[in-house]
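>>> Any chance you could fold what I've pasted below:
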Amino acid sequence: MRSILAIVLTLLSPLAPASGVVHEYLLDNWLKLIVKEDHRAPVVVSQVWYKVGASYETDGITGISHVLEHMMFKGTDSHPPGEFSRIIAANGGNENAFTSQDYTAYFQRLERSRLPVSFELEADRMRRLHLQDEEFQKEINVVMEERRMRTDDKPTALTYEQFIAVAYTASSYRTPTIGWMNDLENLELADLQAWYQRWYAPNNAIVVVVGDVEPDKVLALAKQYFGPLKPETITQSKPRIEPPQQGRRDIRVEVPAEVPYTMMGFKVPALKTAEDDKEAYALEVLASILDGGDSARLATELVRGSQVASSAGAGYDLYSRQSDLFLLDGTPSDRHSVADLQQAFLEQVKRLQEKPVSEQELARVKAKVVASAVYEQDSTFYQAMKIGQLESVGLDWQVADDYVARIKAVTAEQLQAVASKYLVEKNLTVAELVPLPMESGRKPRAALPEDAHVH
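Take a look at the predicted model:
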């Protein structure tokens, strides 16, 4: 069995053939352009990434990055509200946008000859967005309803939001991307105008193009459409570094719900903040040891084995801009309590600390992680997204090229070391969802699909 896994790892060590040459350019206005060739199909993905998101926001204006994302579809002097989406659709493409803690991104998928359409529209709204109060009043109501559906009326999401607010004392990661409702209710058009003027500029943007393109021609188009835009004097936000945690934190969230739920989070470094980047890759593998599919430990031992959980998961974000959390979450089975599940999670952590992962298990997990990384290269959108994500958080896009080799280099000793160093009680925050009785005949409203976006 070990020899078969070794063969799998060897075969998957190079990136898939779809991984083409990457070209990087810097325009005179400091806009960064990154072009990756992928000639398998006559299509192109174009993405514009702005280095601003919820973690850049301050108290009183939380949610402003997400609201501005919505308003970016509401017109310029050249294109009235709704025109952007109509033009993209008329050219056979699709488009959308998303906001995270660390960045805001806009993208289009088009036939390769339609790339100028994307560039013209994106350049127009990069510096010439026309913010109108009538459109703002409509869109802020859309965002508030989105918050109600995705957070307020979704018990697990509400628990997560409360959990994050307790886990962090100073870090701006305690800010919910959707924003606090009171801040949304008091947000003004002038706030958005100032936020747009400050952050939406070519010298704070990364344009990523992946597809069946010629890099020199893409550069010429970028110079034509984005080149004339003036840069902005950008004052970066002051650092908001989380102080060391001094002990375990617990929170109970009591809301109407059908089943209990728990979430546990340990403070850990991300790749960008780790003193030793080997630790970050070890944490990445550690998450897959626990929750890397049906053969991972949580599924085999807690869900199917002891049946203490009806669902259980683990997560870690290697590419966060700031230090983050190593997460465990789940729902206890009917025969067990939240306390039982929390104890089972802690026993899993203790086992990682006390006993090295076997060579066979580590090889199997590595093979799965590496295979997933390689197969993701089949998507031009994913290739562009990984480049944009890395550049937006302050990492070089070439970090993605090192991923497979770095994962394969992780040892059982490193896994044991990071588990013992970081997955300890003084770094731990625990949340418990305590279900209250549901109103007669009422269930929580179904949230919008996670990939839905309301323009």
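
>>> Okay, strands next: where are they in this protein?
Using DSSP state E, the strands of the chain run over 22-26, 32-37, 43-50, 94-99, 104-111, 205-211, 249-256, 261-268, 309-315, 324-332, 428-436.

>>> domain assignment for this structure?
Here the domain parsing of the chain from automatic domain parsing is 16-225, 249-436.

>>> Of the ones you listed, which is nearest residue 238?
When the domains of the chain are compared by CB to CB, domain 16-225 sits nearest residue 238, at 9.8 Å. Any C-beta I mention is one placed from the backbone N, CA and C, and that applies to glycine too.

>>> How far does the closest one sit from its chain's centre?
Centroid displacement of domain 16-225 relative to its chain, using CA atoms, centre = their mean, to the nearest Å, is 13 Å.

>>> Let me see the mean pLDDT of that domain.
For domain 16-225, mean pLDDT rounds to 96.

>>> again, but for stretch 289-298
Computed over stretch 289-298, the average pLDDT equals 94.

>>> Over to stretch 323-334?
For stretch 323-334, the per-residue pLDDT averages 98.

>>> List the buried residues of it.
323-333 (16 or more other CB atoms under 10 Å).

>>> returning to that earlier point: may I see the strands of the chain organised as TSV, with distance to residue 276 added?
Shown next, in TSV, are the strands of the chain (distance: least, CB to CB, whole Å):
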stretch	distance to residue 276
strand 22-26	27
strand 32-37	28
strand 43-50	28
strand 94-99	31
strand 104-111	30
strand 205-211	28
strand 249-256	26
strand 261-268	12
strand 309-315	21
strand 324-332	16
strand 428-436	22
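
>>> How about the contacts made by residue 275?
residue 269 (CB atoms under 8 Å, 6 or more residues apart in numbering).

>>> Next, give phi and psi for it.
The phi/psi pair for residue 275 (degrees, to the nearest 10) reads phi -70, psi -30.

>>> pLDDT score assigned to it?
The model's pLDDT for residue 275 equals 96.

>>> ok, it to residue 269 distance?
Using CB to CB, to the nearest Å, we find residue 275 at a distance of 7 Å from residue 269.

>>> Please enumerate the helices of the stretch 1-150 of the chain.
Along the stretch 1-150 of the chain, counting by DSSP state H, counting those that start in this stretch, helices occupy 2-11, 64-71, 83-90, 115-127, 133-147.

>>> do you know which of the domains of the chain lies nearest residue 233?
Going by CB to CB, the one of the domains of the chain nearest residue 233 is domain 16-225, 8.9 Å.

>>> can you tell me which residue is nearest the centre of this structure?
Nearest residue to the geometric centre of the chain (CA atoms, centre = their mean): residue 100, 6.0 Å.

>>> Tell me how far it lies from residue 251.
For residue 100 relative to residue 251 (CB to CB), the value is 24 Å.

>>> Got phi/psi on the closest residue in space to the residue nearest to the centre of the chain that isn't next to it in sequence?
The shortest distance from residue 100 to any non-neighbouring residue, by CB to CB, 6 or more residues apart in numbering, is to residue 53 (5.1 Å). Dihedral angles of residue 53 (phi, psi; degrees, to the nearest 10) stand at phi -160, psi -160.

>>> ok, residue 53 - contacts?
Taking CB under 8 Å, 6+ apart, we find residue 53 in contact with 65, 99-104, 177.

>>> neighbours of the nearest residue to residue 133 once chain neighbours are set aside, just the number please.
Nearest residue to residue 133 in three dimensions, chain neighbours excluded: residue 189, at 5.2 Å (CB to CB, 6+ apart). Neighbourhood size, residue 189 [other CB atoms under 10 Å]: 16.

>>> Contact partners for residue 189?
Contacts of residue 189 by CB under 8 Å, 6+ apart are 131, 133, 136.

>>> Now stretch 373-390: average pLDDT?
94.

>>> buried residues in it?
373-374, 376-377, 380, 383-390.

>>> Please verify my assumption that residue 369 contacts residue 286.
No. If you go by CB atoms under 8 Å, residue 369 and residue 286 don't touch, sitting 11.1 Å apart.

>>> which one of those two has more residues nearby?
With neighbours defined as other CB under 10 Å, residue 369 and residue 286 compare such that residue 286 has more, 27 against 22.

>>> Off-centre distance for stretch 418-432?
22 Å.

>>> Report the separation between the two terminal residues of it.
26 Å (CA to CA, to the nearest Å).

>>> Residue 143 and residue 29: what is the separation?
31 Å.

>>> Look at those two and report which has more neighbours.
Legend: neighbour count by other CB under 10 Å for residue 143 and residue 29, higher for residue 143 (21 against 17).

>>> Without its sequence neighbours, what residue ends up closest to residue 381?
residue 45 (5.1 Å).

>>> And for residue 128?
Nearest one to residue 128, counting by CB to CB, 6+ apart, is residue 76 at 4.7 Å.

>>> cool, and residue 50?
Per CB to CB, 6+ apart, closest to residue 50 is residue 104, 4.8 Å.

>>> Same question for residue 92.
Residue 92 sits nearest to residue 111 (CB to CB, 6+ apart), 5.8 Å away.

>>> dump the residue contacts of the residue nearest to the centre of the chain.
Taking CB under 8 Å, 6+ apart, one finds 53-54, 177 in contact with residue 100.

>>> tell me, how many neighbours does the residue nearest to residue 128 end up with?
19.

>>> Any idea what it is bridged to?
residue 129 (DSSP bridges).

>>> What separation is there between it and residue 124?
5 Å.

>>> Pull up the per-residue confidence for residue 237.
The model's pLDDT for residue 237 equals 85.

>>> what about it, neighbour count?
Using other CB under 10 Å: residue 237 sits among 12 other residues.

>>> How about the contacts made by the residue nearest to it when sequence neighbours are not counted?
Here the nearest residue to residue 237 in space, its sequence neighbours aside, is residue 56; by CB to CB, 6+ apart that works out to 5.3 Å. By CB under 8 Å, 6+ apart, the contact set of residue 56 is 65, 172, 199, 237.
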